[in-house]
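Asker: After the sequence you'll find the predicted model.
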Amino acid sequence: MRVMVIVKATKDSEAGIMPSTELLEAMGKYNEELVNAGIMMAGEGLHPSVKGKRIAFDGPGRTVIDGPFAETRELIAGFWLWEVKDMAEAVEWAKRCPNPMPGPSELEIRQVFEIADFGDAVTPEIAEQEERLREKTANR
Amino acid sequence: MAATETHQAIETVFRIEQARLIGGLARMVRDVTLAEELAQDALVTALSEWPKTGVPKNPGAWLMAAAKRRAIDGFRRKKMLARKHAEIGRDLEDERDTSVEDVEAALDDDLGDELLGLIFTACHPILSPEARAALTLRLIGGLTTDEIARAFLSNEATVAQRIVRAKKTLGNAGLTYAVPRGPERRERLASVLEVIYLIFNEGYSATAGEDLIRPALCAEAQRLGRILAGLLPEEPEVLGLLALMEIQASRLHARVAPDGSPILLTEQNRARWDQLLIRRGLAALERAEALGGANGPYALQAALAACHARARKAEDTDWKRMAGLYDTLCEVMPSPVVELNRAIAHSMAFGPEAGLTLLDEIEQGAILRNYAPLPAAKGDFLFRAGRLTEARIEFERAAELTRNERERAFFLARAAACSG
């Protein structure tokens, strides 16, 4: 099963304070352990929300909102994708993570929908649309 | 934390640490059965202590220390026993028993590659591939004997016996449980890769409606491949195998229709291919090629799988590249089935006549005489060349040879289309 492990933002991460050398080292070691355990699929850190945008939807309306966004606790600062046997395994690995922030912080684990979960909601038409889209992206 | 919650946390910690634990212990006591017992003892100790003390900060090291203490106690008891026997019998006063010192020395050893050592041992070529697969799933994957039996459509007693016998064989061979170095490494690594791919293929061949543990073998094999690629990042064939498995697994959900019938690769809904696995597969293949491993058998097969993965639509498949890759694969890993696939690739790249020429050579070899895909391919080439009467005979022959009902219906339909 695939999970996304979300690093919640903090005041520090939102202020653009970069991790210390010690934390980078500890995180590097941790990531290596994840790779060697065969569970690490992907992972990225994110810039603070000041560089982000939000698109608000209301019926046909679209409003673009510039960052930064206020509710820090609801923001994310990074994520991993892991392939684990079950949620208990994900929890155990998450507990081994060095604290990603200088102060108190939080990781959140969410199970990823896999395309099979959608079953035949993905019709050949949707497939084709996706193909056209990918072709365009590839040609750019 | 509630008691059951702690209990579950301990079980999970143990599952994560088990393989490394057994690997380190096996190297120390030179006996995988004893190593497993010691690991289990450590788990029992943890289950009684951790609910009181909480889970330690470094649970893996804690478990290892607990198991090692048990090992040393065991050696001491044996030594005392030996001494008692000695008192009765002849005098062994001058003979030094160094086993306790050995164990204590092993404590200070760098055990960073204990997991790798265990993988190499479980996949030792003195064992049959089936025994290697069962032992690998048991020791490294942490599967129960019952799960392994269900996964391989076998019964528990057979698998249990297979594992016991395999451990005995390893014990009698006097192995060091170390990672092989030098020229031995290549041969031993091939044996490891063979087992991982065997596990993957067993999972891949599972059909709809079967016990879910069977398709889970693919995930097991991928995890083993990822672990191995992490431990041996400079071995191109490890990366080649990983790439091959990731790319093949990316199609797992797209290859079966809702009614359970298989869908041909060219007919699959490519939106259902797992793009994350494809990206990971392509990246692993790139690394394998950068390490000079482009012509390894696994890397070549991965490169072939990648040709499909890169094509957004079936029509975009780079058949010329595939024909070239099959030419090389035929030299590196010659087999009639590879030659048949080579003929198919050539027919797609250069026209049906090119395929027919290559098929003639295979037919002279006669090894695939009763292999349904051969007349099926020939029928397809003849059909595309407009030689319908000959094509019909080949499709009918393919229908006769296959044991799969769905395939038979498919070939008969193609035969019928030749008369229309």
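Answerer: Happy to help now that I have it.

Asker: May I have the phi/psi pair for the spatially most central residue of chain B?
Answerer: Chain B has B:Ile196 as the residue nearest its centroid, 1.5 Å off, counting by CA atoms, centre = their mean. With angles defined as degrees, to the nearest 10, B:Ile196 sits at phi -60, psi -40.

Asker: just so I have it, where are all the strands in the stretch 51-200 of chain B?
Answerer: Here the stretch 51-200 of chain B has no strands by DSSP state E, counting those that start in this stretch.

Asker: For it, which residue gets nearest to chain A?
Answerer: Across the stretch 51-200 of chain B, the shortest distance to chain A (CB to the nearest CB) belongs to B:Leu115, at 7.9 Å. Glycine gets a C-beta too; all of them are placed from N, C-alpha and C.

Asker: is it true that that residue touches B:Gly23?
Answerer: Yes. When contacts are counted by CB atoms under 8 Å, B:Leu115 is listed as touching B:Gly23 (4.9 Å).

Asker: who has more neighbours, the two?
Answerer: The residue with more neighbours, out of B:Leu115 and B:Gly23, is B:Gly23; 27 against 23, by other CB atoms under 10 Å in any protein chain shown.

Asker: so that one is in which element?
Answerer: Following DSSP states H and E, one finds B:Gly23 within helix B:3-29.

Asker: what helices or strands is that helix leaning on?
Answerer: Judged by 3 or more CB pairs under 8 Å, 6 or more residues apart in numbering or on different chains; DSSP states H and E, helix B:3-29 is in contact with helix A:87-95, helix B:32-53, helix B:59-88, helix B:99-108, helix B:114-122.

Asker: Show residues contacting the first one.
Answerer: Counting contacts by CB atoms under 8 Å, 6 or more residues apart in numbering or on different chains, the residues outside helix A:87-95 that touch it are A:1, A:3, A:5, A:34, A:37, A:39, A:82, A:84, A:107, A:109, A:111, B:8-9, B:11-13, B:15-16.

Asker: can you do 10 Å?
Answerer: Outside of helix A:87-95, the residues within contact range by CB atoms under 10 Å, 6 or more residues apart in numbering or on different chains are A:1-5, A:30, A:33-34, A:37, A:39-40, A:80, A:82-84, A:107-111, B:5, B:8-17, B:55, B:59.

Asker: What residues does the most centrally placed residue in chain A make contact with?
Answerer: Using CA atoms, centre = their mean, the residue of chain A that lies closest to the mean C-alpha position is A:Phe79, 3.2 Å off. Shown in contact with A:Phe79 (CB under 10 Å, 6+ apart): A:Met4, A:Val5, A:Ile6, A:Val7, A:Ala42, A:Gly43, A:Glu44, A:Gly45, A:Leu46, A:Leu107, A:Glu108, A:Arg110.

Asker: Just give me the neighbour total for B:Ala221.
Answerer: 28.

Asker: Please name the nearest non-neighbouring residue to it.
Answerer: Nearest non-adjacent residue to B:Ala221, counting by CB to CB, 6 or more residues apart in numbering or on different chains: B:Phe200, 3.6 Å away.

Asker: can you check B:Gly365 too?
Answerer: Nearest non-adjacent residue to B:Gly365, counting by CB to CB, 6+ apart: B:Pro336, 6.3 Å away.
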